[in-house]
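Engineer: Sequence and predicted structure below; questions after.
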Amino acid sequence: MTGFTSMSIEIFGKRLELLHELAPGAEPIAVLITELGSGMELLIKAARATAASIGRQIEVLTANTDAEIDTAFASLEQKRVGALLVAPQALFVNRQAQVLSLAAHHAIPASSFYRDFAEAGGLMSYGLNYEDMHRRGGIYVGRILNGERPGDLPVMRPTKFELVINLKTARTLGLTVPRALLIAADELVE
């Protein structure tokens, strides 16, 4: 993802709030990104504003290679980071196993945009429901094949989002998932 839309920033803020609810003692909360630029400044600015509204600080960690991901995680203890938000960027999606392994090794509550992150052992994910997006894309294709002009079709923002919480990871980290989040979750991973 090279640039961030206002929706991406809103979702990132919501992820920060949800992570705070799951790990209320986490201070500061780190944000793992590949670089500043390409809209990252806006995302970090919004994350800092959201963090301030819930009484938390943000620590920005950058990594552009496998070795830098290792270094970023090694700095967590020194910076006394209490939780981690992983930016929805290709490097971290492609290196998900490395990120998850390091989060487990450092016993850090970690959140991602993609549901498979929580399914594979991360604490939680909150993001777009891709199944719904693909279904809606199919509807658009059908409308085009039935003769509608693509330029005449409305731009539709995603409307379905999903929260996935890994209960096993929460237990391992000594976290109690609040009842409200248990009810709100779209999926609970055991």
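Structural biologist: Everything's here; your move.
Engineer: pLDDT below threshold where in this protein?
Structural biologist: 1-5, 36-38 (pLDDT under 70).
Engineer: farthest residue from the center of it?
Structural biologist: The outermost residue of the chain relative to its centre, with distances by Cα atoms, centre = their mean, is G147 at 38.2 Å.
Engineer: first to last residue in stretch 33-45, what's the distance?
Structural biologist: One end of stretch 33-45 sits 13 Å from the other (Cα to Cα, to the nearest Å).
Engineer: List the contacts of it.
Structural biologist: For stretch 33-45, the external contacting residues (Cβ atoms under 8 Å, 6 or more residues apart in numbering) are 2-4, 8-9, 12, 31, 58, 60-64, 87, 89, 91-92. (Each C-beta comes from the backbone N, C-alpha and C, glycine too.)
Engineer: Tell me where the chain has strands.
Structural biologist: 29-33, 58-62, 83-86, 110-112, 124-128, 161-166, 187-189 (DSSP state E).
Engineer: how about the helices of this protein, start to end?
Structural biologist: Using DSSP state H, the helices of the chain run over 6-22, 40-53, 66-79, 90-94, 96-105, 115-119, 130-145, 167-172, 179-184.
Engineer: Mind giving me the packing neighbours of the longest one?
Structural biologist: Taking 3 or more Cβ pairs under 8 Å, 6 or more residues apart in numbering; DSSP states H and E as the contact definition, the neighbouring helices and strands of helix 6-22 are strand 29-33, helix 40-53, strand 83-86, strand 110-112, strand 124-128, strand 161-166, helix 179-184.
Engineer: Turn these into CSV, including mean neighbour count and distance to A72.
Structural biologist: Formatted as CSV, the helices and strands packed on helix 6-22 follow (neighbours: other Cβ atoms under 10 Å; distance: least, Cβ to Cβ, whole Å):
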stretch, mean neighbour count, distance to A72
strand 29-33, 25, 6
helix 40-53, 17, 15
strand 83-86, 26, 9
strand 110-112, 28, 12
strand 124-128, 24, 20
strand 161-166, 20, 21
helix 179-184, 11, 27
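Engineer: Among those, which comes closest to A104?
Structural biologist: strand 110-112 (8.8 Å; Cβ to Cβ).
Engineer: chain center to stretch 26-35: distance?
Structural biologist: 11 Å (Cα atoms, centre = their mean, to the nearest Å).
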